[in-house]
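Engineer: With the input below, show me the fold.
(chains A and B, ligands or ions: 2)
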Amino acid sequence: MNVEFPIVTGYFERKDRSYILGEGSSNAVEVDHDFIDKIPLKKPLDGVFGHSSEGDNVFAFNYGPSTGGFMESLDLKIFTYGERILSVEAFPDFKRRDITLKGKSLRDAFFIIERFNGFHSFSYSTLFSRAIESIENISPSPEDTGTRIILLETERIISHIYKAARLCDAASQNIASYWLLSLREKLLRILGEVAGHRYLFGVNRIGGLNRRIDVEKLRKDVESVVQEFRVIMKGLYSARIFIDRLENTCITDAKNTRGPALRAAGRSFDYRTLDPYYGDMDFKPITERDGDSLARFLVFTAEVDASLDIIKNTKSVSMEDVSKDPKSDFPIYSVETPSGDAQLTLKLESGVIADAYLRTPSMLNLDAFCSGIKGNVKTDVPFAFESFGIWISEIGGIQ
Amino acid sequence: MRIWPVDSMRKGKVTTKFPKKPNETISPWSTLPEKIGDGDVECPTSAIENGQVSMEKCISCGACMTSFKPSLKTDNYRVINNTKGLKRSLKVFIIDSGTCGACNTELHAIANPYYDSSRLGIFLTNTPKQADAIAIMGVYTPKMEGPLLAAINAMARPGIVILFGACALSGGIIGKGLEDIVTPDLIIGGCPPDPFVILEALQKARGGKI
Ligand code: SF4
Ligand code: SF4
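Structural biologist: Ligands and ions are numbered 1, 2, ... in the order given. Now for the predicted structure:
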């Protein structure tokens, strides 16, 4: 069978059969094998990012794999004949961990997924738990579901604040950067206090939560941090030099990105609008049009306020979505992580993982960075990169 | 119009006085768990032996909470070799062999205004040639072996080689650790290590007072 999706966001092959994942779809669909070669995003899905360039005086400027400039190990080959970037090739596989889920017990697989991208650990542990809960017909309590939403949104706020801090640092806005780092630290300390771990390790479990969270305290403290965040944003939105650096830098279109980067390029897709967890909320994706670093910055900083609204309005959530979740050969389970939607397919056999495929937002966003940065200058690389919220840990390596 | 840099200064000073004064907070489960009961515990990394938790293996998961509780102590590290001559300034270069990202951001956190490691003469550096310490984090990955050994060789001497976090120390639950290819002067446990633990460990390893 051949199908048309608006955007094919992933693919995998099993026993001579080929399956694709579409944007927002709830089932992987079998396709003719030839179809796979025509997927526009096949290269990044295979772990190949960007292109080399040739020509008179063109040389490859190597950046990485281990420099203080990036948070994680990443090697970039920047093709240039001076200052302007002709193309970029990225090699995120230096730190590839080759994580095997197949054959693992649910508990061990859970701990591994929780440590897949530690920065977004709660998003991934929720994704995995929900997949298992759906397969095994387990319903977490309404209180635990509500708390999960609040923690997902808190993690999103922390991630967006950190992105803003890194972006400010790369664009030489040091006061703003340090202030934002302080806000992030405040939130991590709050999580340590109410949840027992700054990165929420050990809080989630299949079937609910392991710890009782003081949700009222969390709400109040997050709100006060977001109020302070608004003061910084007010300053940054009117800082001409800062805006100038971001405007028109690393322009991407909506075809190859996920998350805030996708919405910044004008596409109104946020998995939360389809997610039964967020079912009753009047939630609308935040979009911009220009697809540049400034648009991404405007989207993710506005999302901080949107997440606070969700945190303030979420109490307990009665989940009937377990029974509504798809049942097919390869159902897709999704979550909107702070960097964009992640999609997971999972099969169990006798209580262990028999098969898994995970497509993460950074797989596509790294490609979007590589194509968008063409034509910019080398000094644009750091803040263009930071505007995507790419995590190398979540690129490749899950089996 | 309000001038926001002034707003930021009006917030006052948030920096800790640690280690002169006690730490204000700690990430509970990143500290080493201690025994409080005799119930059966299934530790996913077999970190518990004879009631003691191995800092190399503990992944801070909390699965032992029925019989263990977080110690809340800042002692989740071990100095193997004391290094002299680094009291005035200590520049740390970070190598990510195969992390989840959290070890990276926790080590970077020591430079944020709450910890301000520069007041202790501790800085992060972008090149191993200027480094007095190399913090190696994450599990073993074949392609990072060369860059990490090259960085250790390039580091100025005297220098401190640090294995940082459960993944580097034992592989944790993710893969293989780095203990077979790196001989550390300092190990720091936790998944990820808490910034207060990191500060205390660095101070101790350079012979500073705690
Ligand atoms: S926290 Fe987890 S890894 Fe550490 S001792 Fe307890 S069960 Fe084992
Ligand atoms: S030790 Fe824990 S926090 Fe550090 S890289 Fe490994 S899984 Fe992540």
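Engineer: now the strands for chain B?
Structural biologist: Under the criterion DSSP state E, strands of chain B are mapped to B:33-35, B:48-49, B:52-53, B:68-70, B:77-79, B:90-98, B:122-124, B:133-138, B:160-164, B:186-188.
Engineer: next one: chain A
Structural biologist: Using DSSP E, strands in chain A cover A:8-14, A:17-22, A:29-31, A:49-50, A:59-63, A:75-80, A:85-91, A:204-205, A:208-209, A:333-337, A:340-349, A:352-359.
Engineer: A:Leu41: which of those is closest?
Structural biologist: Of all the strands of chain A, strand A:8-14 sits nearest to A:Leu41, with 6.7 Å by C-beta to C-beta. Placement of C-beta: from N, CA and C, glycine included.
Engineer: Check which helices and strands the closest one sits against.
Structural biologist: Packing partners of strand A:8-14 (3 or more C-beta pairs under 8 Å, 6 or more residues apart in numbering or on different chains; DSSP states H and E): strand A:17-22, helix A:33-37, helix A:42-45, strand A:340-349, strand A:352-359.
Engineer: If you count contacts, what does the second one end up packed against?
Structural biologist: Meaning helix A:33-37. strand A:8-14, strand A:17-22.
Engineer: so the last one versus strand A:8-14, what angle?
Structural biologist: Taking axes from the mean of the first three to the mean of the last three C-alpha atoms, to 10 degrees, one finds that strand A:17-22 is oriented at 160 degrees with respect to strand A:8-14.
Engineer: Please work out which residues outside strand A:17-22 touch it.
Structural biologist: Outside strand A:17-22, the residues within contact range by C-beta atoms under 8 Å, 6 or more residues apart in numbering or on different chains are A:3, A:5-13, A:28-33, A:35-36, A:39, A:330, A:332, A:343, A:345, A:359.
Engineer: Which entries within those meet the buried criterion?
Structural biologist: A:7-12, A:28-31, A:35-36, A:39, A:330, A:332, A:343, A:345, A:359 (16 or more other C-beta atoms under 10 Å in any protein chain shown).
Engineer: hang on, the earlier thing: nearest to ligand 2 among the strands of chain B would be which one?
Structural biologist: strand B:133-138 (5.1 Å; C-beta to the nearest ligand atom).
Engineer: how far off strand B:90-98 does that closest one point, in degrees?
Structural biologist: Calculated by the same axes, to 10 degrees, strand B:133-138 forms an angle of 20 degrees with strand B:90-98.
Engineer: Which strand residues bridge B:Ile94?
Structural biologist: B:Ala135 (DSSP bridges).
Engineer: separation between it and A:Ile138?
Structural biologist: 40 Å (C-beta to C-beta, to the nearest Å).
Engineer: Then B:Gly208?
Structural biologist: 51 Å.
Engineer: A:Asp221 too?
Structural biologist: 31 Å.
Engineer: could I get the strands of chain B as TSV with distance to A:Pro92 and mean pLDDT?
Structural biologist: TSV is the format used below for the strands of chain B (distance: least, C-beta to C-beta, whole Å; pLDDT from 0 to 100):
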stretch	distance to A:Pro92	mean pLDDT
strand B:33-35	34	97
strand B:48-49	35	96
strand B:52-53	34	96
strand B:68-70	34	97
strand B:77-79	30	97
strand B:90-98	11	97
strand B:122-124	22	97
strand B:133-138	14	98
strand B:160-164	21	98
strand B:186-188	26	98
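Engineer: Looking at those strands, which is nearest to A:Leu76?
Structural biologist: strand B:90-98 (15.0 Å).
Engineer: hey, C-alpha coordinates of that closest one in PDB?
Structural biologist: Extracted C-alpha coordinates of strand B:90-98, given in PDB (Å, rounded to 0.1, in the frame of the first residue of the first chain):
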ATOM      1  CA  LEU B  90      41.600  25.400  38.400                       C
ATOM      2  CA  LYS B  91      40.500  25.200  34.800                       C
ATOM      3  CA  VAL B  92      38.200  22.300  33.900                       C
ATOM      4  CA  PHE B  93      37.800  20.900  30.400                       C
ATOM      5  CA  ILE B  94      34.700  18.700  29.800                       C
ATOM      6  CA  ILE B  95      34.700  15.600  27.600                       C
ATOM      7  CA  ASP B  96      31.400  14.000  26.800                       C
ATOM      8  CA  SER B  97      32.000  10.400  25.800                       C
ATOM      9  CA  GLY B  98      28.400   9.300  25.800                       C
END
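Engineer: do that strand and ligand 2 meet at all?
Structural biologist: No: judged by C-beta under 6 Å from any ligand atom, strand B:90-98 and ligand 2 are separated, with a smallest distance of 7.7 Å.
Engineer: Any stretches of chain B with poor pLDDT?
Structural biologist: For chain B, applying pLDDT under 70 flags the ranges B:1-10.
Engineer: Contacts only, for the nearest residue to A:Ser159 once chain neighbours are set aside.
Structural biologist: Nearest non-adjacent residue to A:Ser159, counting by C-beta to C-beta, 6 or more residues apart in numbering or on different chains: A:Pro338, 3.5 Å away. Neighbour list for A:Pro338: A:120, A:123, A:155-156, A:159-160, A:259, A:300, A:389 [criterion: C-beta under 8 Å, 6+ apart].
Engineer: Buried by neighbour count, from these: which ones?
Structural biologist: Looks like the contacts of A:Pro338 have A:120, A:123, A:155-156, A:159-160, A:259, A:300, A:389 buried, using 16+ other C-beta under 10 Å.
Engineer: Farthest pair within these?
Structural biologist: Those two in the buried ones among the contacts of A:Pro338 that are separated most widely, counting by C-beta to C-beta, are A:Ser123 and A:Phe300, at 14.7 Å.
Engineer: Include distance to A:Val88 and mean neighbour count when you put the strands of chain B into a markdown table, please.
Structural biologist: Listed next are the strands of chain B as a markdown table, based on distance: least, C-beta to C-beta, whole Å; neighbours: other C-beta atoms under 10 Å in any protein chain shown:
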| stretch | distance to A:Val88 | mean neighbour count |
| --- | --- | --- |
| strand B:33-35 | 45 | 18 |
| strand B:48-49 | 47 | 14 |
| strand B:52-53 | 45 | 16 |
| strand B:68-70 | 44 | 20 |
| strand B:77-79 | 39 | 19 |
| strand B:90-98 | 20 | 26 |
| strand B:122-124 | 25 | 19 |
| strand B:133-138 | 24 | 27 |
| strand B:160-164 | 30 | 27 |
| strand B:186-188 | 35 | 26 |
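Engineer: Among the helices and strands packed on strand A:8-14, which comes closest to ligand 1?
Structural biologist: Going by C-beta to the nearest ligand atom, the one of those nearest ligand 1 is strand A:352-359, 20.1 Å.
Engineer: and the strands of chain A as JSON lines, adding mean pLDDT?
Structural biologist: JSON lines is the format used below for those (pLDDT from 0 to 100):
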{"stretch": "strand A:8-14", "mean pLDDT": "94"}
{"stretch": "strand A:17-22", "mean pLDDT": "94"}
{"stretch": "strand A:29-31", "mean pLDDT": "93"}
{"stretch": "strand A:49-50", "mean pLDDT": "90"}
{"stretch": "strand A:59-63", "mean pLDDT": "91"}
{"stretch": "strand A:75-80", "mean pLDDT": "96"}
{"stretch": "strand A:85-91", "mean pLDDT": "96"}
{"stretch": "strand A:204-205", "mean pLDDT": "98"}
{"stretch": "strand A:208-209", "mean pLDDT": "96"}
{"stretch": "strand A:333-337", "mean pLDDT": "97"}
{"stretch": "strand A:340-349", "mean pLDDT": "96"}
{"stretch": "strand A:352-359", "mean pLDDT": "96"}
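Engineer: Chain neighbours aside, what residue packs nearest to the residue of the stretch 1-150 of chain A at minimum distance from ligand 2?
Structural biologist: Using C-beta to the nearest ligand atom, A:Arg115 is the residue of the stretch 1-150 of chain A that sits closest to ligand 2, at 3.6 Å. Distances taken as C-beta to C-beta, 6+ apart put B:Cys100 closest to A:Arg115, at 4.6 Å, once the chain neighbours are dropped.
Engineer: Kindly report the same for B:Ala131.
Structural biologist: Distance criterion C-beta to C-beta, 6+ apart; nearest residue to B:Ala131, sequence neighbours excluded, is B:Phe93 at 3.7 Å.
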